[in-house]
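Student: Just need the structure, nothing else, for what follows:
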Amino acid sequence: MPRRPRTPRQPKQERSRFLADAVVEAAARVVREVGWSRAKVGRIAKVAGVSVGSLYRYFPGRDVLLGAVIDRALARDSEAFEAALQRLDGGTIEESLRSFIDALVGDDRLTDPRLLRHLVDVLDAAGRLETVRTLFDGMVRRFAERLVETHPELGPIAVVERRSHIAFWGLRSAFVARVRVEDPFDLPAFREDAEVTLHALLRTPATR
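Tutor: I've put the predicted structure just below:
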């Protein structure tokens, strides 16, 4: 029989939750610095201020801890995205897109490019690739729905959603590629490129 995947132990007491969160944060810090392959448990435990035994009590294996780091990053990205959506609340389409992008890239919850540089290479091994696809597709749908609510002049939801998928998946691929090769990553330049790309694609008249 296939072995069941290991999962983190769910802490019940506040102190235990604090320690578990500290371990995940420490793991993210170490991964940002040296990458996952070199992120040793002993180093993570030292950064978190816990013993190796305490770390394994909550995360019985490096694979479990990696999954927790990825899940935390995805949750924070989702929170940042939902907050940015609220900026699509009127004005011109140019003003709405600018406000949305500024809010998203300026949100402290968005995954640090240095961390993302390492995580994108281990998503599949951590069993999170499909999770990322599903989450990202949901974000794009929410963006298209919100945009049509505030700017119905853009056309039917089906057209806006299709174009939003093209724009966001293209921008995501470009973002990941540039994060891997640019050090430091030029986020302000990417923000300008994203605004131009979204505006050009969404404002082009629909033919069908």
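Student: For the rest of this, base every contact and every neighbour count on C-alpha atoms.
Tutor: Will do.
Student: Buried residues in stretch 28-44, which are they?
Tutor: Residues of stretch 28-44 classed as buried under the neighbour-count rule (16 or more other C-alpha atoms under 10 Å) are 28-32, 35-36, 39, 41, 44.
Student: ok, and what's touching the strand or helix carrying Ala26?
Tutor: Element membership of Ala26, judged by DSSP states H and E, is helix 14-34. The contact list for helix 14-34 (C-alpha atoms under 8 Å, 6 or more residues apart in numbering) reads 11, 36, 38-39, 43-45, 47-48, 50, 55, 58, 65-66, 68-69, 114-115, 118.
Student: Give me the subset of these that lies in helices.
Tutor: With helices defined by DSSP state H, the entries of the contacts of helix 14-34 inside them are 43-45, 47-48, 55, 58, 65-66, 68-69, 114-115, 118.
Student: sorry, back to before: out of the buried residues of stretch 28-44, what pair is the most spread apart?
Tutor: Considering C-alpha to C-alpha, no two members of the buried residues of stretch 28-44 lie farther apart than Arg32 and Val41, which are separated by 14.6 Å.
Student: mind checking the SS state of the residue nearest to the spatial centre of the chain?
Tutor: When the chain is reduced to its mean C-alpha position, the nearest residue by C-alpha atoms, centre = their mean turns out to be Asp77, at 3.9 Å. Secondary structure of Asp77, reduced to three states by DSSP: H, G, I helix; E, B strand; the rest coil: helix.
Student: Please give me every residue in contact with it.
Tutor: Residues counted as contacts of Asp77 (C-alpha under 8 Å, 6+ apart) are 109-111.
Student: Can you list the low-confidence ranges for this protein?
Tutor: Low-confidence segments of the chain (pLDDT under 70): 1-15, 90, 205-208.
Student: picking that back up, just put the contacts of Asp77 in JSON lines and tack on distance to Asp124, neighbour count and secondary structure.
Tutor: Supplementary listing: the contacts of Asp77 in JSON lines, determined by distance: C-alpha to C-alpha, whole Å; neighbours: other C-alpha atoms under 10 Å; DSSP: H, G, I helix; E, B strand; the rest coil:
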{"residue": "Arg109", "distance to Asp124": "23", "neighbour count": "18", "secondary structure": "coil"}
{"residue": "Leu110", "distance to Asp124": "21", "neighbour count": "19", "secondary structure": "coil"}
{"residue": "Thr111", "distance to Asp124": "18", "neighbour count": "20", "secondary structure": "coil"}
